[in-house]
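Q: Okay, predicted coordinates and the sequence, questions at the end:
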Amino acid sequence: MYPGKHAASTPEKAAIVMAATGQVVTYAELEERSLRIANWLRGVGFQRGDTVALLSDNDPRMFDVYWAAQRSGLYLTAINYRLKPEEVQYILENSEAKAIFVGGAGAKSARPWTEISTLLHRITFDDRLPGYTPLADILASASASRPPHEPRGGDMLYSSGTTGRPKGVRAPLPRREVSEPGDAMVAMFGGSFGFSSETVYLSPAPLYHAAPLRTCATVQALGGTAVIMDKFDAEGALANIEKYQITASQWVPTMFVRMLKLDPATRARYKISSMEVAIHSAAPCPPEVKEQMIAWWGPIVYEYYSSTEVNGITVISPQEWPRKRGSVGRPILGKIHICDEQGDDLPAGQDGLIYFERDEQPFEYHLDPEKTRSTMHPEHPTWTAVGDIGHVDRDGYLFLTDRKAFMIISGGVNIYPQEVENVLALHPAIFDVAVIGVPDPEMGEQVKAVVVPSSEANPGPELEQEIIEFLKSRIASFKAPRSVDFVDALPRTATGKLVKGDLRSRYWPKK
């Protein structure tokens, strides 16, 4: 399924609503605009497998470009508009993009980039960017006739770089038409979560990230309505649920924490009874946070675990979760293997590297065969791991422990920061927290908590000791931090992921 089907049956239905302004894009408008851009791309020589880049803040025209690529057999690379120009340039060069579309705040990072030999076309959503062709000119001149052949494209999104330089994740293009079934996201959201043409979906996150971009597109493929916020705001999200009678939504755990920390009167002010399913993903959710969300919103909180690479997917329902507290569910895509450092399968309950088994290699890192090989099991190339540690129980439910790259080794003992962060997530004196390993001359590493205090807290030695003792009363003492640093903010992506590589670099000597 794709928007063209719904443009034919319900042309005036809203495919997109911008929450802040109420701007509506109908299915007829989305179909015509994406078709004109697709025809222009073909006309200037784009071939199946070429790449189109997109640099914009949340703007409905992003989906004009998205669906133009999807109906032309092209890869779409959405780029974080908050990156510096040289970081954007790296992605443009690495992705070998032949065109870039720039909108809104993306203009601040945009340059002519005439030195990039592969970048042949530069298009702006507006008229104010020197060296760029206005999108309006393309829409006015390109044909709106549908060609007989529309091969399905894909996306090549770049990892958020939480553990190093971003990597372009490139899956093989499907051998089917854009109008033909077979999309894994449509199958998951239509099956496990019940999305349909009746869905009114709230997206509170930046569209350059994988989950928001792909899920909004999935809603459009199914014929629902995607309500898109400019950016996340805890109270604003609740207000939008009430205003637009949202039936489905997707969040990351930090958003849950921000909403839970609203005062009770604010939380009670908004009616959220229209919501039938609330999904969370992208980062492990502290069990206490999830329990409080289920108590507040009811048994509608679903979770899935995957990655930008989509080498596998697990899902857990709110009915399953209370008896499998802390689990991210069982696989609906790929078979799970938990392996040790040698690649041997581990028994149930034992932590190891999480591999998903597929029939074929599900992805590659663009222009980085060595990095691609590093994700493969030493004996089974179609088993891939993206660096997460966890275990399965005897019933096949997966439990995440942490990222392998974030593990702290102190005196030869493995300590997983996520466990400590989970305990501190709802501490009343803590607004945000990260736990990392820092150098220790005797133990190799010691545990440190880096805390953004709440507005009412008084950071200092007394609060530091209170936090340490609080942890020691709830987890093994050797896992508790030896010290606590108080900071104004932590480095996070716009979807809430901690950029621990940046944080660790403040404490470790440069090599």
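A: Yes, it's here.

Q: in this protein, which helix or strand is least confident?
A: Least confident helix or strand of the chain, by mean pLDDT, DSSP states H and E, is strand 413-415 with a mean of 84.

Q: Next, work out how far apart residue 343 and residue 355 are.
A: Residue 343 sits 8 Å away from residue 355, taking CB to CB, to the nearest Å as the criterion. All C-beta atoms are positioned from the backbone trio N, CA, C, and that covers glycine.

Q: Let me see the domain layout of this protein.
A: 27-171, 181-333, 335-404, 407-505 (automatic domain parsing).

Q: what ranges of the stretch 101-250 of the chain fall below the confidence cut-off?
A: For the stretch 101-250 of the chain, the stretches flagged by pLDDT under 70 are 160-164.

Q: Indicate which one of the domains of the chain is closest to residue 12.
A: Judged by CB to CB, the one of the domains of the chain that comes nearest to residue 12 is domain 27-171, at 6.6 Å.

Q: what distance separates the start and the end of that closest one?
A: 28 Å (CA to CA, to the nearest Å).

Q: Excluding sequence neighbours, find me the nearest residue to residue 155.
A: residue 76 (4.8 Å; CB to CB, 6 or more residues apart in numbering).

Q: Bridge partners for that neighbour, pull those for me.
A: For residue 76, the beta-bridge partners are residue 52, residue 155 (DSSP bridges).

Q: That one - how many residues pack around it?
A: Other residues within reach of residue 76, judged by other CB atoms under 10 Å, total 26.

Q: shouldn't it be in contact with residue 70?
A: Yes - counting by CB atoms under 8 Å, residue 76 does reach residue 70; the two are 7.4 Å apart.

Q: any residues in contact with both of these two?
A: When CB atoms under 8 Å, 6 or more residues apart in numbering defines a contact, the residues bordering residue 76 and residue 70 alike are 153, 154.

Q: List the contacts of residue 306.
A: 281, 312, 313, 314, 333.

Q: Neighbours of the third one, how many?
A: So that's residue 313. Neighbour tally, residue 313, other CB under 10 Å: 22.

Q: same check, this time on residue 144
A: 11.

Q: That one looks like it's in a strand, true?
A: No - assigned with DSSP: H, G, I helix; E, B strand; the rest coil, residue 144 falls outside any strand and is coil.

Q: and it, what does it touch?
A: Per CB under 8 Å, 6+ apart, neighbours of residue 144: 32, 35, 36, 39.

Q: how much space is there between the third one and residue 68?
A: Just to be clear, that refers to residue 36. 8 Å.

Q: more neighbours, the two?
A: Using other CB under 10 Å as the criterion, residue 36 and residue 68 rank with residue 68 on top: 27 against 21.

Q: Contact partners for the more buried one?
A: 34, 35, 37, 38, 41, 52, 74.

Q: Could you give the average pLDDT over the biggest helix by length in the chain?
A: The helix spanning the most residues in the chain, taking DSSP state H as the definition, is helix 27-43. Helix 27-43 shows a mean pLDDT of 98.

Q: quick one: buried residues of that helix?
A: Under the neighbour-count criterion of 16 or more other CB atoms under 10 Å, helix 27-43 has 27-42 buried.

Q: same deal with stretch 269-280?
A: Neighbour-count burial for stretch 269-280, counted by 16+ other CB under 10 Å, picks out 272, 275, 276, 277, 278, 279, 280.

Q: what bridges to the fourth one?
A: Translated: residue 277. In beta-bridge terms (that is, DSSP bridges), residue 277 pairs with residue 248.

Q: residues contacting it?
A: Contacts of residue 277 (CB under 8 Å, 6+ apart): 193, 194, 247, 248, 249, 300, 302.

Q: which ones are touching the fifth one?
A: This means residue 249. 201, 202, 203, 204, 237, 241, 275, 277, 278, 279.

Q: Provide the secondary structure category for the first one.
A: Three-state assignment for residue 201 (three-state DSSP): strand.

Q: Quick check: the gap between it and residue 102.
A: For residue 201, the distance to residue 102 - CB to CB - is 26 Å.

Q: Could you do the fifth one as well?
A: Noted for residue 237: a distance of 28 Å to residue 102, by CB to CB.

Q: just the third one next, same as before
A: Between residue 203 and residue 102 the computed distance is 21 Å (CB to CB).

Q: per-residue confidence at the residue of the chain most remote from its centre?
A: For the chain, the C-alpha farthest from the mean C-alpha position belongs to residue 442; by CA atoms, centre = their mean, that distance is 38.2 Å. You'll see residue 442 listed with a pLDDT of 83.

Q: same deal with the one 3 residues further on?
A: Here the pLDDT value assigned to residue 445 is 91.

Q: what residues are up against it?
A: 408, 409, 410, 437, 438, 439.

Q: Is it located within a strand, as I assumed?
A: Yes - using three-state DSSP, the assignment for residue 445 is a strand.

Q: what number of residues lie near the nearest residue to it once chain neighbours are set aside?
A: The shortest distance from residue 445 to any non-neighbouring residue, by CB to CB, 6+ apart, is to residue 437 (3.7 Å). By the measure other CB under 10 Å, the count of residues near residue 437 is 22.

Q: Quick check: which element contains residue 437?
A: strand 430-440 (DSSP states H and E).

Q: buried sites along that strand?
A: Applying 16+ other CB under 10 Å to strand 430-440 flags 430, 431, 432, 433, 434, 435, 436, 437, 438 as buried.

Q: Report the beta-bridge partners for the first one.
A: Beta bridges link residue 430 to residue 453 when assigned by DSSP bridges.

Q: hmm, back to that, closest one of the buried residues of helix 27-43 to residue 364?
A: residue 41 (23.6 Å).

Q: For the residue nearest to that closest one when sequence neighbours are not counted, which residues are in contact?
A: Closest residue to residue 41 apart from its sequence neighbours, by CB to CB, 6+ apart: residue 72 at 5.5 Å. Residues in contact with residue 72, defined by CB under 8 Å, 6+ apart, are 38, 41, 42, 46, 48, 150, 151, 153.

Q: again, but for residue 384
A: Contacts of residue 384 by CB under 8 Å, 6+ apart are 309, 311, 355, 356, 358, 361, 362, 363, 375, 376, 377.

Q: Which entries within these meet the buried criterion?
A: The buried subset of the contacts of residue 384 - by 16+ other CB under 10 Å - is 309, 311, 355, 356, 358, 361, 362, 363, 375, 376, 377.

Q: Could you list everything residue 168 pairs with in the sheet?
A: Applying DSSP bridges, one finds that residue 168 bridges with residue 158.

Q: Check the gap between it and residue 380 for me.
A: To residue 380, residue 168 is 24 Å away according to CB to CB.

Q: Pick out whichever of those two has more residues nearby.
A: Set residue 168 next to residue 380 and count neighbours by other CB under 10 Å: residue 168 wins out with 22 against 13.

Q: Please produce TSV containing the contacts of residue 384, extended by pLDDT and secondary structure.
A: Listed next are the contacts of residue 384 as TSV, based on pLDDT from 0 to 100; DSSP: H, G, I helix; E, B strand; the rest coil:
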residue	pLDDT	secondary structure
309	94	coil
311	96	coil
355	98	strand
356	98	strand
358	97	coil
361	93	coil
362	95	coil
363	96	coil
375	96	coil
376	97	strand
377	97	coil
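
Q: For the residue farthest from the centre of the chain, which three-state class applies?
A: Criterion first, three-state DSSP; result for residue 442: coil.
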